[in-house]
Every structure is written in C-alpha cells, then in structure tokens.
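*Asks:* no FASTA, just this:
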Ligand SMILES: Nc1ncnc2c1ncn2[C@@H]1O[C@H](COP(=O)(O)OP(=O)(O)O)[C@@H](O)[C@H]1O
Ligand SMILES: CCCC(=O)OP(=O)(O)O
C-alpha cells in the first residue's frame, strides 16, 4: 500500500465484474465512466471449463483484447478493482488484494461463483502495471448479529452470502437522497436479480440477510430459495439423483428456470401477456415470497424503519414491483432503484481508499471458520 499516500487530482480505475455468462468492465476517470462494456460468453464456450477458476485465462485475454481494441492506454491506470467472491466471511469495505485472498479465491473457500475471478483478475492486471488492486464489498460480507446466525439445526450456522456490493451502494445512494448518512438510517434493501436477497441494514451494517446462493429465502429467476426440508431430504436419498443434480435444482435450475424454463423475467412477462395463467401464478408467487421475506425482515426493526428499497433487474418490471409493493407499503416507504451499478460501486469504493477517506482493509481481518461446499 506504499505509494497510496500521494493524493492525485485524477484517478483512472479499471473495474471488473465477472458474472456467470459475462464479464462487465469499465474504465473510470474519478467518478466519470469513460468506457463500459459487457463481454458476453456463449454458454457452450463456458461449459468447456470444469471450474470457474479454469476460465481465468480466457476472461483475462478477453478483457485485455477489449481494452486494446478501444485504444485505452493501461499505463494511465491508477488501480484495478474486481468484484470479490466466496471468501471467508468478512465485514464490508474495500480490501487490498493479498496472497491469502488469492489463495482462498482460487480454492473457492466458501464455494464457486464467477465473482471469485474478480480479485484474481484485478491482482494479475494490477501486478503487470505495478499498480494496486482491490475488491469491494464481496458476496461474503458478514455483519450478521449472533441471533441471526442460529438456524435451528445446531450443526448448521446461517451464512451471509448476498449482493453486498449493490445493496450497500444503493443504500448509500438512497441515504444521500434522504439527506442522511447511511450510518444513521435503518433500511431494508432487496436485490432482485438472478438471486434475490433481502438485507436488514441497521445503521450501515447488514445484521441479517438470507443466503441468496445456497437455498434460503424467496425463490428467484434461477434459485429455489427455501424449500420444504423433509421433502428435500427424501429426494436426496431417493437414489434418483447425484448430489450435483440436486445442487443444480437449488442453484441455477430452480425458481423461474425450474417452473418456466427461463431465467428471463421479460420473457415471463410476455408469456403472461399472451394468456399463460401458470406463468402468471408462478410470477406472482415470486413477488409474494419476496414480500413475505421483507415482512419477516421488518420484524428485526420491530416494524419501524426509514425505507424499504427494491433494486436489481427485476425492479424494472412495473407490475412485478406493484405486486410486491401492495403487500408491503403499509410497513414503510418503498423506494425503487431498478438495475444495478456494481461497476460504479467498485470504483467508488476504490476512490474512497485512493483519496484516503477510508483505509484499505486487510484480508482476512477476523477469519471465521466457514463450511466449504463440496459437490
Ligand atoms: N425491464 C425488465 N423488466 C422485468 N425484468 C427485467 C427487466 N430487465 C431485466 N429484468 C430481469 O432481471 C433479472 C436479472 O437481474 P440482474 O440484476 O441483472 O441479475 P444479476 O443479479 O444476476 O446481476 C432477469 O430475470 C431479467 O430478465
Ligand atoms: C447471492 C450472491 C450473489 C448472487 O447471487 O449474485 P447473482 O444474482 O448475480 O448470481
């Protein structure tokens, strides 16, 4: 981190957000985007790779080629930042990439997700250019209170795996709109994307949230969420499925994919417009489950909070948002922030450190043993 003490007038930052079917990249000059692109990969192209980490070289080459085609001079960069992945549970913030982090990302310490590549790509590109690399608010941000960790099954602790980056970025933006600091407010923030997570943000800390990756909370475009546990156990021991087949039913092939064979809510809305009553029932059930999860989360604040925020791609769906809002607007004001701006959130987290408004955190600050999910 030596060298960061020098305050510059302009910082140029490369941000990298690896998703399951794409890598989103951007180059920012301070808060201004000067280039943004989504590099998409064919599903068939990705199935050639056994693990997410095996995709590293292909993704790195695609990023560097894209930047080269755009004529962007990498020697002007001040830092590289990537979306962080399934590390050990850590508190929110901006972390400098270090050896321990790279080791855990490569090993998939808390499981496999495309975001595991974010820190590795940022580090490798940063190393080549001799500039620092960071991750910001990875999916394992863990600020849960002890009471929220109790699952009811002593061998299993509830885990905090959620859209920390977008939830915190949107929460900060909404706080600004409300003329307050994020740390002064009590908010429920719901990210509705491929997975759906409902976070209880108490004075800037996410003290409870459903594990949006490994089967907790509402079902979502491609995840099953909470399912009746007895039936699931019977299914696991029926002899009809391998463990990875069951896992895929929960993550990837659950939710809308399982019922309607698509993870695209826009297509589901078209099906409904064309008179598909089953699609209408399933879509409304997803809204119903999200509203129920928000209702449950509101009990953490004993019903009193500053606002409920709905964000993520599904928040573009006006009827979908209405179906949720009509069930929750008696609890608090509902603020809708459609889409996600994770690249900007990565850049903002990096700028806070480069400008010395915050110190980069060191991974792992206070490691907790996490269960490795093995398939
Ligand atoms: N205009 C829209 N109306 C309804 N749903 C939308 C719209 N745009 C995107 N979505 C849906 O949002 C979901 C993806 O959300 P997104 O936040 O991009 O996902 P992720 O969390 O994987 O980044 C998809 O189901 C997509 O169809
Ligand atoms: C809950 C972890 C993050 C996550 O689910 O991201 P996607 O919705 O983008 O898969």
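*Replies:* Cool, got the structure. What you see is a predicted model, and the numbers here were worked out from it, not measured in a lab. Numbering: from 1, shown residues only. Ligands and ions are numbered 1, 2, ... in the order given.

*Asks:* For the helix or strand hosting residue 208, could you pull out the residues that count as buried?
*Replies:* In this assignment (DSSP states H and E), residue 208 forms part of strand 205-209. Using 16 or more other C-beta atoms under 10 Å as the test for burial, strand 205-209 gives 205, 206, 207, 208, 209. Any C-beta I mention is one placed from the backbone N, CA and C, and that applies to glycine too.

*Asks:* Which one of those residues is nearest to ligand 2?
*Replies:* residue 209 (9.0 Å; C-beta to the nearest ligand atom).

*Asks:* List the beta-bridge partners for the closest one.
*Replies:* residue 199 (DSSP bridges).

*Asks:* Just say helix, strand or coil for the residue of the stretch 201-350 of the chain found nearest ligand 2.
*Replies:* Closest to ligand 2 within the stretch 201-350 of the chain is residue 212: 3.2 Å, counting by C-beta to the nearest ligand atom. Secondary structure, DSSP: H, G, I helix; E, B strand; the rest coil: residue 212 is coil.

*Asks:* surely it meets residue 220?
*Replies:* Yes - if you go by C-beta atoms under 8 Å, residue 212 and residue 220 touch, sitting 7.4 Å apart.

*Asks:* just checking, what packs against the helix or strand of the chain at the bottom of the mean pLDDT ranking?
*Replies:* One helix or strand of the chain scores below all others by mean pLDDT, DSSP states H and E: helix 43-47, with a mean of 73. Helices and strands touching helix 43-47, by 3 or more C-beta pairs under 8 Å, 6 or more residues apart in numbering; DSSP states H and E: there are none.

*Asks:* which parts of the protein sit against ligand 1?
*Replies:* Residues of the chain found near ligand 1 (C-beta under 6 Å from any ligand atom) are 193-194, 221, 263-266, 312-314, 316-317, 340.

*Asks:* coming back round to it: contacts only, for the residue of the stretch 201-350 of the chain closest to ligand 2.
*Replies:* 161, 162, 163, 191, 195, 196, 197, 220, 223 (C-beta atoms under 8 Å, 6 or more residues apart in numbering).

*Asks:* Filter those residues to keep only those in contact with ligand 2.
*Replies:* 161, 162, 163, 195, 197.

*Asks:* Please give the element, helix or strand, for residue 39.
*Replies:* Assigned by DSSP H and E, residue 39 falls in strand 32-40.

*Asks:* next one: that strand to chain centre, how far?
*Replies:* Strand 32-40 sits 19 Å away from the centroid of its parent chain (C-alpha atoms, centre = their mean, to the nearest Å).

*Asks:* List the buried residues of stretch 335-349.
*Replies:* Buried, per 16+ other C-beta under 10 Å, within stretch 335-349: 335, 337, 340, 341, 342, 343, 344, 345, 346, 347, 348, 349.

*Asks:* For the first one, name its beta-bridge partners.
*Replies:* This means residue 335. Going by DSSP bridges, residue 335 forms beta bridges with residue 309.

*Asks:* Distance-wise, check it relative to ligand 1.
*Replies:* Plainly put, residue 335 is 17 Å away from ligand 1 if you go by C-beta to the nearest ligand atom, to the nearest Å.
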